[in-house]
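>>> Give me a model of this one.
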Amino acid sequence: MSPCRQYLVVTVVSLIASGAVRAGEIPDGIYILHEKGDGPKVKRNDTGGFLTLGERLTDRLGTGTIDSVSNDNELFRLDLRGAGPFPKKEISGSAAALIAGHCLMLHSRSDPAADGTLHLGASIHTDEAMRAVAKTLKIEPRLRRHPGYKLAVAWETDKPSYRPGEPIGVTVKIKNVGEQPVAFQNGGQQRGPRDNQFGFTAFRGYGAGKAVPDTGDPTNFGGISGMVTLEPGQTFAKAVVLDKWFKFTEPDVYRCTGMFQLHFHDPKEGWGRSTWDDYVTGVFVVRIEAPPKK
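Okay, here's the model as predicted:
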């Protein structure tokens, strides 16, 4: 064993024996972590809680990418490709990447490749932690910035008025009034009672009355999704039934606000990472008329 390798082993053993670890004293790598037990405690980057350091599975982190997943650039996704190889035994319990003194809990892992390496995913909270990890791994992070889109949005009901209990159809229309193409995700939240890419509020009395409670079922299990690209001047339209949110049982004029969630993508990159998150909103009215007297 070389003197350098021997020093590394002695250092790790000393840290585990001491039960006290300061940031930066733990060699980088992928570790097993435990909820309880003797040994040094490491602070999670996500919740700030502490876990007990366990076995180091590998010191080889592979090649990484860092992408911002929040518009304010405070939450990031770290992807490690070709990390390992890992022991052939089953990896049980919580695992984390310890990099530059930051404990990043792993939230995804691939099946092992033929050489025993894995593709791993973790989240990084705060710009400070991200920059420390990026410097250590020699990664240029991809940050978010507003893509500069210009959209005109309209919300339209399928009828001018309705009877109590009658289905109410609403369509959102999004027109690209800018000079550059825009791309966004369509779908992904509709495998359930309703399409949760939409959101609504409703108030009685032209908006001056009480709010109508959302009595729908928001449960969803994802769903098929794709990317919509709007060239300048093009319009995207999508319809939904408002009854999935509200029951308009009494005659009145209801002021409604519609929201449609957009995960934007770079049209040049195609389907891949989300570059910006936003909503398009608009106001429309729903008129519920009393049934004719018999």
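>>> Walk me through the domains of the chain.
Listed by automatic domain parsing, the domain ranges of the chain are 3-137, 151-288.
>>> Rebuild those as TSV, extending it with mean pLDDT and mean neighbour count.
C-beta coordinates here come from the backbone N, C-alpha and C atoms, glycine included. Shown next, in TSV, are these (pLDDT from 0 to 100; neighbours: other Cβ atoms under 10 Å):
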stretch	mean pLDDT	mean neighbour count
domain 3-137	85	16
domain 151-288	96	16
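>>> With respect to K294, which of these lies nearest?
Counting by Cβ to Cβ, K294 lies closest to domain 151-288 out of those; the figure is 13.9 Å.
>>> Could you work out the end-to-end span of that closest one for me?
End-to-end span of domain 151-288 (Cα to Cα, to the nearest Å): 31 Å.
>>> same question, stretch 141-148
21 Å.
>>> can you list the residues that contact that stretch?
65-68, 70-71, 73, 76, 130-131, 134, 178, 180, 182, 264, 266, 273, 275-276 (Cβ atoms under 8 Å, 6 or more residues apart in numbering).
>>> hang on, the earlier thing: could you dump the domains of the chain to TSV with distance to R144?
Listed next are the domains of the chain as TSV, based on distance: least, Cβ to Cβ, whole Å:
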stretch	distance to R144
domain 3-137	4
domain 151-288	6
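>>> so R56 touches V42, yeah?
No - using Cβ atoms under 8 Å, R56 is not in contact with V42, being 11.9 Å away.
>>> which residues sit in contact with E250?
Contacts of E250 (Cβ under 8 Å, 6+ apart): 164, 288.
>>> hang on, it in a strand?
No - counting by DSSP: H, G, I helix; E, B strand; the rest coil, E250 is not found in a strand; it is coil.
>>> So that it lines up with my notes, have the first residue be 54 from now on.
Renumbered: residue one is now 54, and that last one reads E303.
>>> ok, it to T254 distance?
17 Å (Cβ to Cβ, to the nearest Å).
>>> and what of I221?
I221 is 15 Å from T254, by Cβ to Cβ.
>>> Quickly list what R308 is bridged to.
In this entry, R308 is beta-bridged to F256, V338, by DSSP bridges.
>>> ok, it touching A264?
No - taking Cβ under 8 Å as the definition, R308 is not a contact partner of A264, at 10.3 Å.
>>> overlap in contacts of those two?
255-256.
>>> is it fair to say D91 lies in a strand?
No - counting by three-state DSSP, D91 is located in no strand; its state is coil.
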